[in-house]
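> structure for this input, please:
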Amino acid sequence: MIYLAVRPKTKNVNDLIIKTKMAILEFDQLLDAGAHFGHLKRKWNPAMAPYIFMERNGIHIIDLHKTIAKTEEAASALKQMAKSGKKILFVATKKQAKPVIEARAQSINMPYVIERWPGGMLTNFPTIRKAVKKMSSIDKMIKDGTFDTLSKREKLQVTRQRAKLEKNLGSIQDLTRLPSAIFVVDVMKEQIAVREAERLGIPVFGIVDTNSDPSNIDFVIPANDDAAKAIDLILGVLCDAVKEGLEERKVEKADAAAAEDQSEEAPHRRERKSKAAKKERVKKEDSEAMKAAVVSKFAKDEDVDDLD
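Numbering: from 1, shown residues only. Model (predicted):
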């Protein structure tokens, strides 16, 4: 039997080395974060079988190579969405995921939900927007002094209402239209959000554990959804991709504005060139006319001398 050594098809070996290092680094980080721990075997969902590496001591172990591949796939899709100027809604109402989602979503200026999911937030979005507008109107009352004219009891009621709205809807205040995608940490806990998104055809990105059903998730990231470190690690990669997309969008906008200014400047430049050419031509014509007049006068003077 003959064994052939096949070299990797890559133009630059250094690129391959860098990618390999990144993959190993991510794998080690996921391992340290406990992203590979699934649930007990008796709690598993058979639909998660493709993402399970093995079973150990009655607990399923998630295949972290697939976690890395799926995270990269999701990051690429989110980057393109951010580049197109679309909004991504981050959802996590479980205790260990709340601070991670809040910090990461705020860093990229994206809406998020970390308190109870308001039923009908997507399917009944206009009503949610009215509640958000109510919060804005209370802020306006405070600014223009109308709030000060209210009685003590009314002030207390308005303040409480404002605090409640801020707690539940403050993080989606800038969400003026339906999000283009939602990211969910625990697809079982956030099943209402997943169902609403599925009904409206909104793509769902999710960290899916071994006890969950991945069939209604568009971008499955198999990982331990109870480990805060693992959640933070995966979200860090995704949020970095979104940042890149937003930066590329800014650059494209700046380039487009520069090109537009240049295209507007071009006619003026051509006009200036045309005027300069016309001026030069007129100057040349005047010079030729002057020379002709001098020659004509000189000829006349010669004729007069000949007569004398």
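
> now do the strands in the stretch 151-300 of the chain.
Secondary structure of the stretch 151-300 of the chain by DSSP state E, counting those that start in this stretch: the strands cover 181-184, 204-208, 219-222.

> dump those strands to JSON lines, plus mean neighbour count.
From N, CA and C alone the C-beta is placed, and that goes for glycine too. Formatted as JSON lines, the strands of the stretch 151-300 of the chain follow (neighbours: other C-beta atoms under 10 Å):
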{"stretch": "strand 181-184", "mean neighbour count": "26"}
{"stretch": "strand 204-208", "mean neighbour count": "26"}
{"stretch": "strand 219-222", "mean neighbour count": "26"}
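
> would CSV of these with distance to residue 162 be doable?
Listed next are the strands of the stretch 151-300 of the chain as CSV, based on distance: least, C-beta to C-beta, whole Å:
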stretch, distance to residue 162
strand 181-184, 26
strand 204-208, 32
strand 219-222, 36
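
> which of those sits closest to residue 243?
strand 181-184 (14.6 Å; C-beta to C-beta).

> wait, which of the strands of the stretch 151-300 of the chain is closest to residue 196?
Of all these, strand 181-184 comes closest under C-beta to C-beta, at 8.7 Å.

> elements contacting that closest one?
Counting contacts by 3 or more C-beta pairs under 8 Å, 6 or more residues apart in numbering; DSSP states H and E, strand 181-184 packs against helix 64-83, strand 88-91, helix 191-200, strand 204-208.

> partners of it, with directions?
With DSSP bridges as the test, strand 181-184 is paired with strand 88-91 (parallel), strand 204-208 (parallel).

> show residues contacting it.
77-78, 81, 86, 88-92, 122, 190, 193-194, 197, 202-207, 217, 238 (C-beta atoms under 8 Å, 6 or more residues apart in numbering).

> from these, keep the buried residues only.
Among these, those classed as buried by 16 or more other C-beta atoms under 10 Å are 77-78, 81, 88-92, 122, 190, 193-194, 197, 202-207, 217, 238.

> rewinding a little: okay if I get the strands paired with strand 181-184 as CSV plus mean pLDDT and distance to residue 55?
CSV is the format used below for the strands paired with strand 181-184 (pLDDT from 0 to 100; distance: least, C-beta to C-beta, whole Å):
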stretch, mean pLDDT, distance to residue 55
strand 88-91, 95, 30
strand 204-208, 95, 18
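
> what's the closest of those to residue 246?
Among the strands paired with strand 181-184, strand 88-91 sits nearest to residue 246 (C-beta to C-beta), with 10.9 Å.

> now the element after the closest one, going C-ward?
helix 98-107 (DSSP states H and E).

> report the mean confidence score over that following helix.
Average pLDDT, helix 98-107: 93.

> what do you get for stretch 193-201?
For stretch 193-201, the per-residue pLDDT averages 95.

> circling back to that earlier point, redo the strands paired with strand 181-184 as a markdown table? Include distance to residue 242.
Listed next are the strands paired with strand 181-184 as a markdown table, based on distance: least, C-beta to C-beta, whole Å:
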| stretch | distance to residue 242 |
| --- | --- |
| strand 88-91 | 7 |
| strand 204-208 | 11 |
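
> name the helix or strand for residue 39, please.
Secondary structure (DSSP H and E) places residue 39 in strand 37-40.

> output the contacting helices and strands for that strand.
In terms of contacts (3+ C-beta pairs under 8 Å, 6+ apart), strand 37-40 is packed against strand 59-62.

> many thanks, I have nothing further to ask.
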